[in-house]
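# Fold the following and give me the result.
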Amino acid sequence: MRFAIITLASGAALLAGCQHDRMATRDAATSGRSAVALLRTAANADAGRATATETEGGLRVTLDARALPPGTHGAHIHMTGRCDAPDFTTAGGHWNPTTRQHGTMNPQGPHSGDLPNLIVGTDGRGTIGVTIPGGTMDGLLDADGAAMIVHANPDDMKTDPSGNSGGRIACGVFQPA
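All right, here's what the predicted structure looks like:
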């Protein structure tokens, strides 16, 4: 009986600790400021949304795309919060406050705005989530803002300045949430 009580008490303490850890993790992830970019195509069709949330140690960025062509697409945060159709070049180059070169496979990279490739299924949907170490909301939402861009082609993760990812097919300007 004594063993059962000790085991039960130990199990309850362990569960309480796990619950506290989950709550602390959730609170840390959701306590930061956030911004949302609603993506549109050049034809002004809805193409999904990107969310950036300030967390301990960086920015957590999620991209939920829809109604895009199936395949692999480069996805980047660009340095200017403008999305003028048809080519979205007003978004400028990649967000690069650390003045690095492009790509996670480039020894002098990556830009802060370099995200993993977005894989879009036959249903037109794709999702990525990544934390940008050292990224801040103040840096993202500086005087000229920032934009999320989805490109036509895959990013090769090494070629400066844009990974040969082709034209810009969707764009959204980050706005404080």
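# Where does the residue positioned nearest the centre of the chain fall, secondary structure wise?
With distances taken as CA atoms, centre = their mean, the residue of the chain nearest its centroid is Val61 (2.6 Å). In this assignment (DSSP states H and E), Val61 forms part of strand 58-65.
# swap in Gly139?
Assigned by DSSP H and E, Gly139 falls within helix 137-140.
# In terms of secondary structure, what does that helix contact?
Under the contact definition 3 or more CB pairs under 8 Å, 6 or more residues apart in numbering; DSSP states H and E, helix 137-140 sits against strand 34-40, strand 46-55. Heads up, the C-betas are built off the backbone N, CA and C, glycines and all.
# residues in contact with the shortest one?
Contacts to strand 34-40, defined as CB atoms under 8 Å, 6 or more residues apart in numbering, come from residues 46-54, 65, 83, 85, 137, 140-141, 147-148, 150, 170-177.
# Quick one: mean pLDDT for it?
What strand 34-40 shows for mean pLDDT is 98.
# And stretch 128-143, by the same measure?
For stretch 128-143, mean pLDDT is 95.
# Any idea how far apart the tips of that stretch sit?
27 Å (CA to CA, to the nearest Å).
# tell me how far that stretch is from the chain's mean position?
Here stretch 128-143 is found 8 Å from its chain centre; the criterion is CA atoms, centre = their mean, to the nearest Å.
# got the buried residues for that stretch?
Buried residues in stretch 128-143, counted by 16 or more other CB atoms under 10 Å: 128, 132, 135-137, 140-141.
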